[in-house]
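Engineer: Give me coordinates for this.
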Amino acid sequence: MIILFYIIYGLSAFWAIFNILLYGDRPARSVGWLLIVIIFPVIGVLLYLLFGVNRKKFKFFTLNFNAKRKLYDLKHKSETIEDFAHRFNSEKFGKLGTMLKRSSGFPAVEGNKIKLLKDGKSTFDDLFETFSKAKKFIHIQYYIIEEGELLNRLIKLFSQKIDEGVEIRVLYDAFGSNKWKNKSIKNLERMGVEIFPILPLKIGTILSTLNYRNHRKIAIVDGIIGFTGGVNISDKYIKSHSNLGIWEDLHLKINGPIVDHLHRIFIKDFYFASNKTLLDCHKYLPMQEQQHTSLAQIVAGGPDLNYLSILQQYTAMIHSAEKSVYIENPYFIPNKVLLEALKMAVLRGIEVTVIVPQKTDSRMAKYSMYANFEDLLKTGVKIRILEGHFLHSKLIIIDEEIASVGSGNFDYRSFEHNYEANIIIYDQEIAKELSDDFNENASRCLSLEYETFKDRSLKTKLLEGMAKIFSPLL
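Structural biologist: Modelled structure (predicted):
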């Protein structure tokens, strides 16, 4: 029996190493997986099978997953998406907007009204008030929907709106919402809510879906009001449940042409999650009108796209900076491309400041973040550690002129594996308001200093090194 085990393990390890060498698309990541497979017998192979296999290279994955979503984009591309497309006069941000349109599919559009929601209470107060005024339909999708006070309020509100004849559709990520009880899901279905998991964890498909999660947070009301950002349906955002305290996050309420683009992301995801006919665009995508003066652009990311659009967005924004780069992110684990972009910015004389939380919900993620800090600090990047509540915002501001808010983290998962949605706001007034908030946060942070940080213990450095190996999993 022992001999049989070693034979099976040897063959599986050989298969894993063969695939890493043959299909690995980035040397650093391939080296990381090789170390995991070699250093951690059996477990390393299992981890690679679940999270490391580059399934885009396999025909069955391409046919059943990627190609279907790409075919959707070709069949359902609408000219109305161009109605409010902005023609940039500025070369500085024009190249950024053009690149993201080509990589993600959405042009920058004019005439939007954007409201900043800076904490959980203001987000849910505005969200639920907007839901209560819905006349035709409510569409929502979240990475996390879980039991608690907010969900109870949502179910009660949905019951009232169903009685009023409002259509309600709900998408949730099967992995992120694993704590959502089946009882309340069935309760919503009995009310008449159409509700579907995204990428459900089924025995027959788990190997091809587990590593690809839908991390988006989207709400659309009557096709004319939208919400997106980093906030999930969870009580974590309104009251403390652990030593992390209340989760601090940013969300956006949007009106105008940009709602059409955000809604198209939902409609596409609903089509694939439900396996139903496509929602009628004439009914659910009303003609938009300009609501204000803000210029904005949706950046959709996902493994079905030809490009790593979230990675490209962050990298291009950093390269466009002339004065400052401000970043807030709970999982600041940049790859080599972003690390070099940040260091190059400092060497060009750009002020680069990064705020991360002192407390995190993953010790592995924390050590992975800290593994890059010494190199960044040595170059001149300013790193601030926010004490108190858990900072969950995904924010980047360039020159206090443009800003991005959304669901995309600075990590491998958001760049390569997750479906994400960010909004770039080309509005100096909003960017300045976010910059002021950023600087206020920075003022209550601990400041890491290179000379002190480099003398941390050998044990800590070893833990950081080990965590760095596993960073592709995070």
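Engineer: Show me the domain layout of the chain.
Structural biologist: The chain breaks down into these domains under automatic domain parsing: 2-53, 84-93+109-296, 309-473.
Engineer: Just the mean pLDDT for the second one, thanks.
Structural biologist: If I follow you right, that is domain 84-93+109-296. Averaged across domain 84-93+109-296, pLDDT comes to 91.
Engineer: correct me, but Phe158 touches Glu194?
Structural biologist: No: the criterion here is CB atoms under 8 Å, and Phe158 misses it with Glu194 at 11.3 Å. Every residue, glycine included, has its C-beta placed from N, CA and C.
Engineer: Pull up the overlap in contacts between these two.
Structural biologist: Common neighbours of Phe158 and Glu194, using CB atoms under 8 Å, 6 or more residues apart in numbering, are Ile168.
Engineer: Those two: which has the busier surroundings?
Structural biologist: Higher neighbour count among Phe158 and Glu194: Phe158, with 23 against 16, using other CB atoms under 10 Å.
Engineer: right, and the helix or strand after whatever helix or strand that one lives in?
Structural biologist: Assigned by DSSP states H and E, Phe158 belongs to helix 149-163. The element immediately downstream of helix 149-163 (helix or strand, assigned by DSSP H and E) is strand 167-173.
Engineer: Send over that next one as CSV, restricted to the C-alpha atoms.
Structural biologist: Extracted C-alpha coordinates of strand 167-173, given in CSV (Å, rounded to 0.1, in the frame of the first residue of the first chain):
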residue,chain,number,x,y,z
GLU,A,167,-38.9,42.4,-10.4
ILE,A,168,-35.9,41.4,-8.2
ARG,A,169,-32.8,39.4,-9.4
VAL,A,170,-29.9,38.4,-7.1
LEU,A,171,-26.5,36.9,-7.9
TYR,A,172,-24.1,35.8,-5.3
ASP,A,173,-20.7,34.2,-5.4
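Engineer: Which helix or strand lies directly C-terminal to it?
Structural biologist: Later in the chain than strand 167-173, the nearest helix or strand by DSSP H and E is helix 182-191.
Engineer: in the stretch 251-400 of the chain, which spans are helices?
Structural biologist: All helices of the stretch 251-400 of the chain, identified by DSSP state H, counting those that start in this stretch, fall at 257-274, 281-284, 309-320, 336-347, 363-370, 373-379.
Engineer: which one of those lies closest to Asp399?
Structural biologist: helix 309-320 (8.1 Å; CB to CB).
Engineer: hmm, who's touching the closest one?
Structural biologist: By CB under 8 Å, 6+ apart, helix 309-320 touches 92-93, 95-96, 99-100, 103-104, 299-301, 325, 335, 337-338, 341-342, 344-345, 396, 398, 402, 404, 408, 410, 414-416, 420, 422, 424.
Engineer: and the end-to-end length of stretch 388-402?
Structural biologist: End-to-end span of stretch 388-402 (CA to CA, to the nearest Å): 28 Å.
Engineer: buried stuff in it?
Structural biologist: For stretch 388-402, the neighbour count (16 or more other CB atoms under 10 Å) marks 389-402 as buried.
Engineer: want to throw those into a markdown table with distance to Glu149 and pLDDT?
Structural biologist: Shown next, in a markdown table, are these (distance: CB to CB, whole Å; pLDDT from 0 to 100):
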| residue | distance to Glu149 | pLDDT |
| --- | --- | --- |
| His389 | 18 | 83 |
| Phe390 | 18 | 92 |
| Leu391 | 22 | 93 |
| His392 | 18 | 95 |
| Ser393 | 22 | 96 |
| Lys394 | 25 | 97 |
| Leu395 | 27 | 98 |
| Ile396 | 32 | 98 |
| Ile397 | 32 | 98 |
| Ile398 | 37 | 98 |
| Asp399 | 40 | 97 |
| Glu400 | 37 | 97 |
| Glu401 | 39 | 96 |
| Ile402 | 36 | 97 |
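Engineer: could you redo those residues as TSV and give each row distance to Asp361?
Structural biologist: Output for the buried residues of stretch 388-402, formatted as TSV (distance: CB to CB, whole Å):
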residue	distance to Asp361
His389	12
Phe390	7
Leu391	11
His392	9
Ser393	14
Lys394	15
Leu395	18
Ile396	21
Ile397	25
Ile398	28
Asp399	32
Glu400	30
Glu401	32
Ile402	29
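Engineer: how about the strands in the stretch 101-250 of the chain?
Structural biologist: Secondary structure of the stretch 101-250 of the chain by DSSP state E, counting those that start in this stretch: the strands cover 109-117, 137-142, 167-173, 194-198, 218-221, 225-229, 247-248.
Engineer: Any chance of CSV for those strands, columns distance to Leu127?
Structural biologist: Output for the strands of the stretch 101-250 of the chain, formatted as CSV (distance: least, CB to CB, whole Å):
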stretch, distance to Leu127
strand 109-117, 8
strand 137-142, 9
strand 167-173, 14
strand 194-198, 18
strand 218-221, 6
strand 225-229, 6
strand 247-248, 16
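Engineer: among those, which is nearest Val356?
Structural biologist: Here strand 247-248 is closest among the strands of the stretch 101-250 of the chain (CB to CB), at 12.1 Å.
Engineer: Tell me the strands beside the closest one, with direction?
Structural biologist: If you go by DSSP bridges, strand 247-248 pairs up with strand 390-391 (parallel).
Engineer: returning to what we had before: now which of the contacts of helix 309-320 would you call buried?
Structural biologist: Judged by 16+ other CB under 10 Å, buried ones among the contacts of helix 309-320: 93, 96, 100, 103-104, 299-301, 325, 335, 337-338, 341-342, 345, 396, 398, 402, 404, 408, 410, 414-416, 420, 422, 424.
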